[in-house]
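[1] Need coordinates for the below:
(3 chains)
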Amino acid sequence: MRQIDYTRELNQEQLDVVLQGDGPCLVLAGAGSGKTRTIMYRVAHLIERGEDPSSILLLTFTIKAAREMRERVGALLGGDAGGVWAGTFHSIAHRILRRAASSAGYAPTFTILDQEDSRLLMKAVMKEAKYDVTSRRFPSPAVLQDIISFTRNTLRNIPDVLGERYPQHEPLSSEIEELARLYAERKRAAQAMDFDDLLHNWLLLLAHPEIGMALREKFQHILVDEYQDTNALQARIVRGLAEGHGNALVVGDDAQSIYAFRGADIQNILRFPKEWPDAKMFKLLTNYRSTPEILDVANDSLRQNVEQFQKELIGIAARGSKPVLVPLGTAHQEARFIADKILKLRSEGAALRGMAVLFRSSAHSHLLEMELVKRDIPYDYRGGVRFFGRAHIKDTLACLRIIQNVKDEPAWLRLLNLQQGIGPATASRLIAQARTAEALDDVMEDGFVAGVSERCREGWQSCLATLRAARAENGPAKMVRAIAGSAYAAYLEHEYPDWRDRLDDLEQLAMFAEGYQDADAFLGEVALFDDAVGRAAAGGAPTDEKMVLSTVHQAKGLEWDTVFIMHLMDGCFPSRYAEDDESQMEEERRLFYVAVTRARRRLYLTYSATRAGDGLSFMPPSLFVQELPPHLMERMEIREGFGGGMPARRESRWSGDGDSFYQEESIRVDRYGSTPRERTSTTTVFKSTMSVKKLPPR
DNA sequence: AGATTTACTATTTTT
DNA sequence: TAGTAAATCT
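    Residues are numbered from 1 along each chain as shown, chains lettered A, B, ... in the order given. Model (predicted):
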């Protein structure tokens, strides 16, 4: 075993955290401060001083992060850290619940529903409950989300291990509560848990007198990374686990809390010192990543926020150049500018893998993607539909799920919807029957589909044929290949022009599944994987000579020499959905902060003054750009075709009646081409663009 | 009646 | 591109 020389390998800030004694501890770690490194050394230190590795529980934000962390701790110790429990809250919950179930004599199998499955099931429930068939329109995604997250995040009915130190969930309308109840019932009937059920049930185990005690004794050290992005359930789990010994070390940066939309509560980290009055508090504020110029922008932007620990990053990297602000006329120009700049930097010797373009929402990158493809710039795309989210992957997994659990309603919904001749009505009838089945053989009997039309029967038979083919195989990999060779392949070929790619994906999935003995273990983990694991499954090597396009959310924890933040326009970044809400606005600003602090040496902020729509409408630059003091940035005027820099002129006129009003605009934009020949500044005039806007409520 | 096709619209972020 | 509503097919 290798002896670690902590004083040589860590700075003073980090050392304090690693070598502290036991007890509750909050580490406020700024961006680029070596947070991961610090946690890793802390774990290594615990093992070195004689703690049993399997008594250490390390909770991370993604599965990939957990895997990396374990590897690095192993490398530090010159052995392996296999005994350490490392994973996300969800994956650890899964492990613990499976163990608990089997030791209590139940079959340790249950289905895990991801977001899409949850929605599918919720919709089926609402349809059957005849929700809003007459008076209301079909529920909006927002209402759906409300109901699901209510059932997910509700803390009712849990005997409180911790005393009532956490705020209660706000009461909702009785109608929604009723739907939530029905939804929960259906989950139970399907032997399924959604993401928050995993956490919820873990909490229930902690509340159990004996099991809770056993868990508290087992895990003597709880370490949580990215604590700012935990939700109410997760905070209570940490509390419930550490209640006895108090060895909870949480690390996070309140300035990087960007997951409120999915239940993360920034109050968890802000409140930690009050929760644990004897908690030690450390700050890691030395930033090793970015130039001082980039940090100035980050620090300055964040000062606008109120809800936070006041802290400022201190840079030690060499000075560089000021971040560059690039106003452009149209979204096309923006895409061309970025592509141009990337090629220019590459020709000057910068590696593509050191560059990234970040954006608020996947859709913002479409034009840029086209531009990159056109110019043969290889890139790796993060965001949008993920590998495990692709339709054919989910279809295949649905087959495996049904074989494992006939009652799995969301899987049936998916599978039946694919069949010709089976529509929503027949599907829900068949599923209602399947819910009472005990084994797959029950649904395979002829009597099961009595009374359906001939066309339906055909669809059903082809469905069963696929299931039979898969069931005959041993192990998840072979099952996946069986499905890829069944009637499902014909379906793909018939349905999608890119069916070959999709079959390739299935082969990738099969190869990935080879790592698993039984379908059960495979399915349990697949539902919890993050996209990084998916990309590995799809065979993409992110370290290739490729640049990265990513949403800001997916860029969390990563860094590049050169970062472009694009589409910094009002209503795009910050999102228009956050406009009316101050706390959401603060979250958007934190998102901007995360984006800025991904850059090591060069940062470009780009925006276009107009947005292509049914006509062309003017967009002011992002609030976050407007807030920045001009002296922190270098403003880059695009000379070619750009006259004075900003597109020419805007004229607008308002009119309207009581409910809505109209805006007429004339806009003149200069064209900016990508090839030298096109760059002869042509002026195009758009006029009389009409946009309708609702009056803000008085 | 239920399935399918077509036209249209609005479009965040995800363990 | 996904979700919906209206029109059309079986």
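
[2] neighbours of residue A:185, just the number please.
    Using other CB atoms under 10 Å, residue A:185 has 11 other residues around it. For glycine as for every other residue, the C-beta is placed from the backbone atoms N, C-alpha and C.

[3] Residues of the stretch 51-200 of chain A that sit close to DNA strand B?
    Within the stretch 51-200 of chain A, the positions adjacent to DNA strand B are A:61-63, A:88, A:90, A:114-115, A:195 by CB under 7 Å from any atom of the strand.

[4] Whichever of the residues you listed end up buried, select them in ChimeraX.
    In ChimeraX, this line selects whichever of these come out buried by 16 or more other CB atoms under 10 Å:
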select /A:61,62,63,88,90,114,195
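
[5] which residues of the stretch 551-698 of chain A fall in strands?
    Secondary structure of the stretch 551-698 of chain A (DSSP state E, counting those that start in this stretch): strands located at A:560-565, A:599-608, A:610-612, A:616-618, A:634-635, A:650-656, A:660-670, A:683-694.

[6] where in the stretch 451-600 of chain A is pLDDT low?
    By pLDDT under 70, the low-scoring segments of the stretch 451-600 of chain A are A:451-452, A:538-544.

[7] now with 80?
    Within the stretch 451-600 of chain A, the segments meeting pLDDT under 80 span A:451-458, A:493-499, A:501, A:530-544, A:579-580.

[8] residues in it within reach of DNA strand B, list them.
    With CB under 7 Å from any atom of the strand as the criterion, the stretch 451-600 of chain A meets DNA strand B at residues A:455-456, A:528, A:530-531, A:551, A:553-554, A:575, A:577-578.

[9] Filter the residues you listed down to the ones in helices?
    Judged by DSSP state H, helices contain the following of these: A:455-456, A:531.

[10] Quick check: residues of the stretch 201-350 of chain A near DNA strand B?
    By CB under 7 Å from any atom of the strand, the residues of the stretch 201-350 of chain A that approach DNA strand B are A:259, A:261-262.

[11] so of those, which ones are in helices?
    Per DSSP H, those never map to helices.

[12] Out of these, which comes closest to residue A:94?
    residue A:262 (18.1 Å; CB to CB).

[13] That closest one: how many residues sit nearby?
    A total of 16 residues lie near residue A:262 under the criterion other CB under 10 Å.

[14] Might you report the residue contacts of it?
    residue A:231 (CB atoms under 8 Å, 6 or more residues apart in numbering).

[15] any chance of the residues of the stretch 201-350 of chain A next to DNA strand B in JSON lines, plus pLDDT?
    Output for those, formatted as JSON lines (pLDDT from 0 to 100):
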{"residue": "A:259", "pLDDT": "88"}
{"residue": "A:261", "pLDDT": "79"}
{"residue": "A:262", "pLDDT": "79"}
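
[16] filter the residues of the stretch 451-600 of chain A next to DNA strand B to the buried ones?
    Judged by 16+ other CB under 10 Å, buried ones among those: A:456, A:528, A:530-531, A:551, A:553-554, A:575, A:578.

[17] I'd assumed residue A:256 was in contact with residue A:587.
    No: at 10.4 Å, residue A:587 does not count as touching residue A:256 under the criterion of CB atoms under 8 Å.

[18] give the contact list for residue A:351.
    Applying CB under 8 Å, 6+ apart, the residues near residue A:351 are A:545, A:561.

[19] can you pull the pLDDT of it?
    Note on residue A:351: pLDDT of 91.

[20] how close does it sit to residue A:561?
    8 Å (CB to CB, to the nearest Å).

[21] now, which of the buried ones among the residues of the stretch 451-600 of chain A next to DNA strand B sits nearest DNA strand C?
    DNA strand C has its nearest neighbour among those in residue A:456, at 11.5 Å by CB to the nearest atom of the strand.

[22] roughly how far apart are the closest one and residue A:423?
    Distance, residue A:456 to residue A:423, using CB to CB: 9 Å.

[23] Then residue A:104?
    Using CB to CB, we find residue A:104 at a distance of 41 Å from residue A:423.

[24] Of the two, which one has the most company?
    Counted by other CB under 10 Å, residue A:104 and residue A:423 do not tie: residue A:423 has more neighbours, with 13 against 9.

[25] Can you name the residue of the stretch 401-550 of chain A nearest to DNA strand C?
    For the stretch 401-550 of chain A, CB to the nearest atom of the strand, closest residue to DNA strand C: residue A:455, 7.0 Å.

[26] Which residues are in contact with that residue?
    Counted by CB under 8 Å, 6+ apart, residue A:455 has contacts A:420-421.

[27] Tell me how far it lies from residue A:370.
    In terms of CB to CB, residue A:455 sits 41 Å off from residue A:370.

[28] Please apply the same query to residue A:262.
    30 Å.

[29] if we can go back for a sec, now for the buried ones among the residues of the stretch 451-600 of chain A next to DNA strand B: which two are most distant?
    Those two in those that are separated most widely, counting by CB to CB, are A:456 and A:578, at 46.2 Å.

[30] Can you pull out the low-pLDDT segments for the stretch 1-150 of chain A?
    Within the stretch 1-150 of chain A, the segments meeting pLDDT under 80 span A:1-2, A:79-82, A:104-109, A:123-124, A:126-150.

[31] ok, which stretches of it are strands?
    Using DSSP E, counting those that start in this stretch, strands in the stretch 1-150 of chain A cover A:25-29, A:56-60, A:85-88, A:111-113.

[32] would you list these in a markdown table and tack on distance to residue A:432?
    Below are those laid out as a markdown table (distance: least, CB to CB, whole Å):
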| stretch | distance to residue A:432 |
| --- | --- |
| strand A:25-29 | 51 |
| strand A:56-60 | 39 |
| strand A:85-88 | 35 |
| strand A:111-113 | 18 |
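
[33] closest to residue A:292 out of those strands?
    Nearest to residue A:292, of all the strands of the stretch 1-150 of chain A, is strand A:25-29, at 19.0 Å by CB to CB.

[34] Which pLDDT value goes with whichever residue of chain A sits closest to DNA strand B?
    DNA strand B sits closest to residue A:423 of chain A, with a gap of 2.4 Å, by CB to the nearest atom of the strand. For residue A:423, the pLDDT comes out at 77.

[35] same deal with residue A:409?
    Looking at residue A:409, its pLDDT stands at 87.

[36] which residues touch it?
    Neighbour list for residue A:409: A:121, A:124, A:186, A:189-190, A:192, A:431, A:434-435 [criterion: CB under 8 Å, 6+ apart].

[37] Chain neighbours aside, what residue packs nearest to it?
    In space, and not counting its chain neighbours, residue A:409 is closest to residue A:190: 4.3 Å by CB to CB, 6 or more residues apart in numbering.
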